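> Structure here, sequence nowhere to be found:
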């Protein structure tokens, strides 16, 4: 049983392609998604591999602690003991969408916020907001903070225009959006000085949509990139060498749960809280690569780890 837990946030600085390896639709290389909701995810096995590499020590006692957390490095030793670290899928929290005013909006929905609140409570944190208070949101409506940069003329009223769709405001929810932005800036966004602008402007660009509208954006608002392979001699496309790749856009925020049990490795006698504390120190604020196409700049994310 887990003795300690923490929230892991991953903020995408470049588009992220965590692929499925097969296509069932029009995109040749789609991203990983939940089967039921269609929301983008990064599967836990991929996340754990990235964390294992990111936390790799130089040697000594820390190498033993690393093995206690992640298990043996060599496959032939895998049966000797299990690692103490438990990782869940990275789930989408904020999804950027093009906006008529303010350039872009960070969108989310009540279902996403309810999930985030559930994860926060598992860690022992008070959740950002009560997601049930967004029950007034219906398809075609949205909630933004007072003074939002997203406000634009939508017909005869002031509203929000995302892509080619206009949304009416539910004004009584503005305070909740501000509280949500404050919580995310404090607990989820990277704390480096280079992210000061993003933390300060989160409230102005945050938009809570109805679940159905949010689902449509995460299904159809991802980046689709076309790739070709050219013949060296003629610089024309080789036959059949044209394919498309899907990616989560830059500025997406994802969240996961980290939990740790007592060490199962006989050379390390430490409880889950001690082991997780060591891991948090090595991961918080670190830049890593997740997913494919690393050599073309894809998958650069900044990690933020929050715990009580």
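Cool, the structure landed. Keep in mind it's a predicted model, so treat the numbers as computed, not measured. Residues are numbered from 1 along each chain as shown.
> Was I right to think residue 151 contacts residue 161?
No. Assessed by CB atoms under 8 Å, residue 151 is found out of contact with residue 161, at 9.5 Å. In this view, the C-beta of every residue, glycine as well, is placed from N, C-alpha and C.
> Can you work out which residues contact both of those two?
By the contact definition CB atoms under 8 Å, 6 or more residues apart in numbering, residue 151 and residue 161 are jointly contacted by residue 101.
> Show me the residue at the heart of the protein, geometrically.
Nearest to the geometric centre of the chain sits residue 254, at 1.2 Å (CA atoms, centre = their mean).
> per-residue confidence at it?
On the pLDDT scale, residue 254 is placed at 98.
> let's number from 536 now, not from 1
Sounds good: first residue 536 from here, last item residue 789.
> and it, helix, strand or coil?
strand (DSSP: H, G, I helix; E, B strand; the rest coil).
> can you check residue 573 too?
Assignment for residue 573 (three-state DSSP): coil.
> Report how many residues lie close to it.
11 (other CB atoms under 10 Å).
> wait, residue 553 sits on residue 829?
No. If you go by CB under 8 Å, residue 553 and residue 829 don't touch, sitting 11.8 Å apart.
> Just want to know which of those two has more residues nearby.
Neighbour totals were compared for residue 553 and residue 829, and residue 553 leads with 23 against 13 (other CB under 10 Å).
> quick one: buried residues of the host helix or strand of residue 779?
If you go by DSSP states H and E, residue 779 is part of strand 772-782. Within strand 772-782, the residues that qualify as buried are 780-782, counting by 16 or more other CB atoms under 10 Å.
> and it, how far out from the chain's middle?
27 Å (CA atoms, centre = their mean, to the nearest Å).
> The helix or strand bottoming out on mean pLDDT in the chain - contacts with which helices or strands?
Ranked by mean pLDDT, DSSP states H and E, the weakest helix or strand in the chain is strand 772-782, scoring a mean of 78. Counting contacts by 3 or more CB pairs under 8 Å, 6 or more residues apart in numbering; DSSP states H and E, strand 772-782 is packed against strand 758-765.
> now the strand it packs on and strand 772-782, what's the angle there?
Using axes from the mean of the first three to the mean of the last three CA atoms, to 10 degrees, the direction of strand 758-765 lies 160 degrees away from that of strand 772-782.
> mind listing what's buried in strand 758-765?
Neighbour-count burial for strand 758-765, with 16+ other CB under 10 Å as criterion, is recorded at residue 760.
> what do you get for stretch 542-560?
542-554.
> how far does it sit from the chain's center?
9 Å.
> what about it, average pLDDT?
87.
> Stretch 597-616 now?
Rounded mean pLDDT across stretch 597-616 is 85.
> Endpoint to endpoint, it covers what distance?
Its start and end residues considered, stretch 597-616 measures 18 Å (CA to CA, to the nearest Å).
> The residue of the chain positioned farthest from its centre: which element?
Outermost residue of the chain with respect to the C-alpha centroid, by CA atoms, centre = their mean, is residue 768; its distance is 42.5 Å. Element membership of residue 768 [criterion: DSSP H and E] is none; it lies in no helix or strand.
> what's the average pLDDT for whichever helix or strand residue 695 is part of?
Assigned by DSSP H and E, residue 695 falls within strand 692-697. Mean pLDDT, computed over strand 692-697, is 92.
> Pairing partners for the helix or strand that that strand is followed by, with directions?
Per DSSP H and E, the first helix or strand lying C-terminal to strand 692-697 is strand 700-704. Note on strand 700-704: by DSSP bridges, its sheet partners are strand 676-679 (parallel), strand 692-697 (antiparallel).
> Nearest to residue 708, out of those strands?
Closest approach to residue 708 among the strands paired with strand 700-704 is made by strand 676-679 (3.7 Å; CB to CB).
> outside of that closest one, which residues touch it?
Under CB under 8 Å, 6+ apart, the answer for strand 676-679 is 669, 672, 685-686, 694-695, 702-705, 708-709, 711-712, 741-745, 748.
> and with 6 Å instead?
Strand 676-679 has contacts (CB atoms under 6 Å, 6 or more residues apart in numbering) with 685, 695, 702-703, 705, 708, 712, 742-744.
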